[in-house]
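Colleague: Need the 3D shape of this:
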Amino acid sequence: MHYIDFTTLRQLALASSAVTTPCSCAAVPLQAWTAQPLTLELDCFEEVGTLFDDPYDEPTFAEYHPAGTRYESADAPIAPRFYPANRCSVARCTKCSRHYLRYNEAGGYFTELRIRALQPDLLVDAPAPDRR
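Modeller: Numbering: from 1, shown residues only. As a prediction, the model looks like this:
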């Protein structure tokens, strides 16, 4: 899977936001991070690329919330160098061409596929956090 830079990510988000066709992928609101709904037809998604830019580097778990949002906020920024976007793949619905961010949340005794709609108004090209 190839790396998607910020410019390309913005283009995908703009194209996705222009789609007005009704589709089963848009039947459930996915503005905020959520467990992938069982109603989504997984075979209708194709991987476009990844936001994980270096396979040898452990991405940060730092989140980006300068306006006080939280992970589960529908208006939380999408900053590709911050968690969880920095662990995401970008998937496209093959029926309507909307784009989504997806990653596997792995906690103590579970894993859960999470998904969020790619929204151009929330994209932020914030510099990577300092790792000192």
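Colleague: Check the gap between the most centrally placed residue in the chain and S17 for me.
Modeller: With distances taken as CA atoms, centre = their mean, L101 lies nearest the centre of the chain, 2.4 Å away. Distance of L101 to S17, given as CB to CB, to the nearest Å: 14 Å. (Glycine included, C-beta is placed from N, CA and C.)
Colleague: Strands of the chain, start to end?
Modeller: In the chain, the strands defined using DSSP state E lie at 34-35, 45-50, 89-93, 99-107, 110-117.
Colleague: Return the list of strands paired to the fourth one, each annotated with direction.
Modeller: Next to strand 99-107 in the sheet, as set by DSSP bridges, lie strand 89-93 (antiparallel), strand 110-117 (antiparallel).
Colleague: can you list the ones you listed in JSON lines and add distance to H65 and mean neighbour count?
Modeller: Formatted as JSON lines, the strands paired with strand 99-107 follow (distance: least, CB to CB, whole Å; neighbours: other CB atoms under 10 Å):
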{"stretch": "strand 89-93", "distance to H65": "22", "mean neighbour count": "21"}
{"stretch": "strand 110-117", "distance to H65": "15", "mean neighbour count": "15"}
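Colleague: need these in JSON lines with distance to R10 and mean pLDDT, can you?
Modeller: Below are the strands paired with strand 99-107 laid out as JSON lines (distance: least, CB to CB, whole Å; pLDDT from 0 to 100):
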{"stretch": "strand 89-93", "distance to R10": "12", "mean pLDDT": "97"}
{"stretch": "strand 110-117", "distance to R10": "14", "mean pLDDT": "92"}
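Colleague: Could I get those in JSON lines, plus columns for distance to W33?
Modeller: What follows is these, written out as JSON lines (distance: least, CB to CB, whole Å):
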{"stretch": "strand 89-93", "distance to W33": "14"}
{"stretch": "strand 110-117", "distance to W33": "5"}
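Colleague: if we compare those, which one ends up closest to V124?
Modeller: For V124, the closest of the strands paired with strand 99-107 is strand 110-117, at 14.1 Å, according to CB to CB.
Colleague: next one: the closest one to chain centre, how far?
Modeller: Remark: strand 110-117 is offset 10 Å from the chain centroid, using CA atoms, centre = their mean, to the nearest Å.
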